[in-house]
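Participant: Need the 3D shape of this:
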Amino acid sequence: MVEQQLDEFMEGEGYWKVPSNVPEFIFYFHVENNYVNVFHVVNYERDLGITAEQYFQIKDRIKDYFAEKNIYHVHILSLIICGEAERVKHLCKEDSFCWVINPIFDRLVIYENQVDDFYGMRSRIELFLKNPPAYIEKTKSIKRESEKSERVKKAGVGQKEREKIFSGAYIPYVTVSLIIINILVFIICTFTGRMLYNKGGFYTRAFFEGKQYYRAITSMFLHWDVNHLFSNMIIFFYLGEMVEKYFGHIKYAVIYITAGIMGNLVSAGYEIYMELNVISAGASGAVFGVIGALLVLACAHRGHLEKITINKLLIMIAYSLYSGLVGENINNAAHIGGFLGGALLAFLLWAFGKKTDNGEDNAV
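Facilitator: All right, here's what the predicted structure looks like:
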């Protein structure tokens, strides 16, 4: 892999290059809706040696560059090009947003304390490293087709709008899709009365004796009223995006569904123990599972993830559980079961990913 190929790759992915006075330190960026994503490239192949303090100073200078343009939400991931991982280990240990490109084996090295993905770019970088010329040619072909489509659009679209379209903003597809589904189901319920609640709500006797196992899933998409729906979806929207970004779409969807099922199973056990006979519904168990997964991620990233810290999460969790305990008709068992299920599965996925990275990339 040569620098020109990296330039072409980044350009093909919609990133703009900003060279610096020192050629070993360059960065690429593209603008999202309300923030900027940045790849900070450090070429460690040129007998370079920097301390962790110097490294973070460079990142601060990048943030200052955008602050001068009144842009303050800047997400930076460093790509260090180095054939000897030991030379840059001191930087990787200090920064969870730091990946290493081994130019000898054309391999992406991600250490155990690093983010698993960065706005969907991990898989693209890995594909690029396997065969840079082929990937670049494919990207150029797609770009040519996009340019053809662009010509037939209305002439009123300005340069900034075209750049936004071309850059391809990261979208949390699973989070958005689940919210839309929940809203649509609720709208249908307003016209059908209790029919869907009776057919799809979680009812312990129907689940075990009637073998209606589907209720463990369908009940997650039913809400009793607007407040119930809104309180679940607003938390889910803000927290789910971060979990989806770090685990990826598929793993995130598995965490959500599994946590919801686990919440219903714990709820069933509690109802049997207390001899209760109720129908429960709501995405709370799955949402608490997302909160549990976020807590695992925060712990794995030294106590903070973007603007979320462990202390803030623990306060939110404690308040949510307290509100459930003092409130009426709240399925606290589902909350606790979903939280534990989401946290456990997130930990297993994180630990498995760490083991894979250690085995394949010799990361520590």
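Participant: Which of the helices or strands spans residue 100?
Facilitator: Taking DSSP states H and E as the definition, residue 100 sits inside strand 98-102.
Participant: Report the strands that pair with that strand, each with its relative direction.
Facilitator: strand 74-81 (parallel), strand 107-109 (antiparallel) (DSSP bridges).
Participant: Please tabulate those in CSV, including the columns mean neighbour count and mean pLDDT.
Facilitator: C-beta here means a position set from N, CA and C on the backbone, and glycine is covered the same way. Compiled in CSV, the strands paired with strand 98-102 are given as follows (neighbours: other Cβ atoms under 10 Å; pLDDT from 0 to 100):
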stretch, mean neighbour count, mean pLDDT
strand 74-81, 20, 91
strand 107-109, 18, 90
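Participant: Now tabulate those strands in CSV and tack on distance to residue 234.
Facilitator: Output for the strands paired with strand 98-102, formatted as CSV (distance: least, Cβ to Cβ, whole Å):
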stretch, distance to residue 234
strand 74-81, 23
strand 107-109, 36
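Participant: What ranges does the stretch 201-350 of the chain have for its helices?
Facilitator: Ranges of helices in the stretch 201-350 of the chain, per DSSP state H, counting those that start in this stretch, are 204-208, 215-218, 226-247, 249-274, 284-300, 310-326, 332-361.
Participant: so how far is the third one off the chain centroid?
Facilitator: How far helix 226-247 lies from its chain's middle: 12 Å, per Cα atoms, centre = their mean, to the nearest Å.
Participant: The shortest one too?
Facilitator: Once both centres are worked out by Cα atoms, centre = their mean, helix 215-218 turns out to sit 25 Å from its chain's centre.
Participant: same check, this time on the first one
Facilitator: The gap between where helix 204-208 is centred and where its chain is centred comes out at 35 Å by Cα atoms, centre = their mean.
Participant: other SSEs contacting that helix?
Facilitator: Here helix 204-208 touches helix 215-218, helix 249-274, going by 3 or more Cβ pairs under 8 Å, 6 or more residues apart in numbering; DSSP states H and E.
Participant: before we move on, the earlier item: buried deepest among the helices of the stretch 201-350 of the chain, which one?
Facilitator: helix 284-300 (a mean of 26; mean count of other Cβ atoms under 10 Å).
Participant: ok so, going back, what's the strand holding residue 100 in contact with?
Facilitator: Strand 98-102 is contacted from outside by 1, 77-83, 85, 88, 91-92, 107-111, 114, 118, 125, 129, using Cβ atoms under 8 Å, 6 or more residues apart in numbering.
Participant: ranges for the helices of the stretch 1-150 of the chain?
Facilitator: 3-12, 52-67, 89-94, 121-130, 132-151.
Participant: of all the ones you listed, which lies closest to residue 266?
Facilitator: helix 121-130 (33.8 Å; Cβ to Cβ).
Participant: Show me what counts as buried in that closest one.
Facilitator: Residues of helix 121-130 classed as buried by neighbour count (16 or more other Cβ atoms under 10 Å): 121-122, 125, 128-129.
Participant: circling back: would you mind giving the helices of the stretch 201-350 of the chain as a markdown table with mean pLDDT added?
Facilitator: Listed next are those as a markdown table, based on pLDDT from 0 to 100:
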| stretch | mean pLDDT |
| --- | --- |
| helix 204-208 | 92 |
| helix 215-218 | 94 |
| helix 226-247 | 88 |
| helix 249-274 | 93 |
| helix 284-300 | 90 |
| helix 310-326 | 81 |
| helix 332-361 | 79 |
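Participant: wait, which of those helices is closest to residue 31?
Facilitator: Residue 31 lies closest to helix 226-247 among those, at 17.2 Å (Cβ to Cβ).
Participant: what helices or strands is that closest one leaning on?
Facilitator: Against helix 226-247 (3+ Cβ pairs under 8 Å, 6+ apart) you get helix 173-192, helix 249-274, helix 284-300, helix 332-361.
Participant: got the contact list for that helix?
Facilitator: So helix 226-247 is in contact with 115-117, 119, 170, 172-175, 178-179, 182-183, 186, 223, 252, 255-256, 282-284, 287, 290-291, 293-294, 297, 305-306, 308, 346, 349, going by Cβ under 8 Å, 6+ apart.
Participant: redo that, cut-off 7 Å
Facilitator: For helix 226-247, the external contacting residues (Cβ atoms under 7 Å, 6 or more residues apart in numbering) are 115-117, 119, 172, 174-175, 179, 182, 186, 223, 252, 255, 282-284, 287, 290-291, 293-294, 297, 305-306, 308, 349.
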